[in-house]
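S.K.: Could you work out the structure for the sequence below:
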Amino acid sequence: MERPSLEFNLPDTHEEGKLYVVDSLNNLNKLNVCPAESQRSLDEENTGGTGESTAGSNSRNQHLFFIIFILTLTISLALVSFVIFLIFQTRNEVDQISSRLLSEKKNIEELKKLNNIILKHLNQSRIKE
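M.R.: Presented below is the predicted three-dimensional model:
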């Protein structure tokens, strides 16, 4: 029986490594020479040629920020309106209670006067007896 060979026919990875290093150096050189254009081409290479770039991502982020900002403003406006409504309701309740207290105070004053009149009358009637 023959033993199978443990060696595989692999391509020369050393050559691929050299190509990768050279390609990386070329990309770095492009970044140093013309940063805006090479960044766009590198972005396209990194996205796999789908055409999605950081500009689209930034635009999406700006739209998301704008929507969240509008939503926050709307919620804040609703909360402030509710607080103002509660303040007016509380003011109306306090006004009603204070008017009741004033009317009750007047009633108490009248009762005191009547009580004093009755006491005077009783005292005078006792004296006469």
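S.K.: Do a quick rundown of the strands in the chain.
M.R.: In the chain, no strands are defined using DSSP state E.
S.K.: Helices of that one, start to end?
M.R.: Using DSSP state H, the helices of the chain run over residues 13-33, 35-46, 54-128.
S.K.: Kindly reformat the ones you listed as a markdown table and extend each row with mean neighbour count and mean pLDDT.
M.R.: Yep, even glycine has a C-beta here, placed from its N, CA and C like the rest. Below are the helices of the chain laid out as a markdown table (neighbours: other Cβ atoms under 10 Å; pLDDT from 0 to 100):
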| stretch | mean neighbour count | mean pLDDT |
| --- | --- | --- |
| helix 13-33 | 11 | 68 |
| helix 35-46 | 12 | 56 |
| helix 54-128 | 10 | 92 |
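S.K.: what's the distance between residue 72 and residue 117?
M.R.: Residue 72 sits 68 Å away from residue 117, going by Cβ to Cβ, to the nearest Å.
S.K.: Residue 109 too?
M.R.: From residue 109 over to residue 117 (counting by Cβ to Cβ), the distance is 13 Å.
S.K.: next one: residue 100
M.R.: 26 Å.
S.K.: cool, and residue 29?
M.R.: 112 Å.
S.K.: what's the answer for residue 95, then?
M.R.: Distance from residue 95 to residue 117, by Cβ to Cβ: 33 Å.
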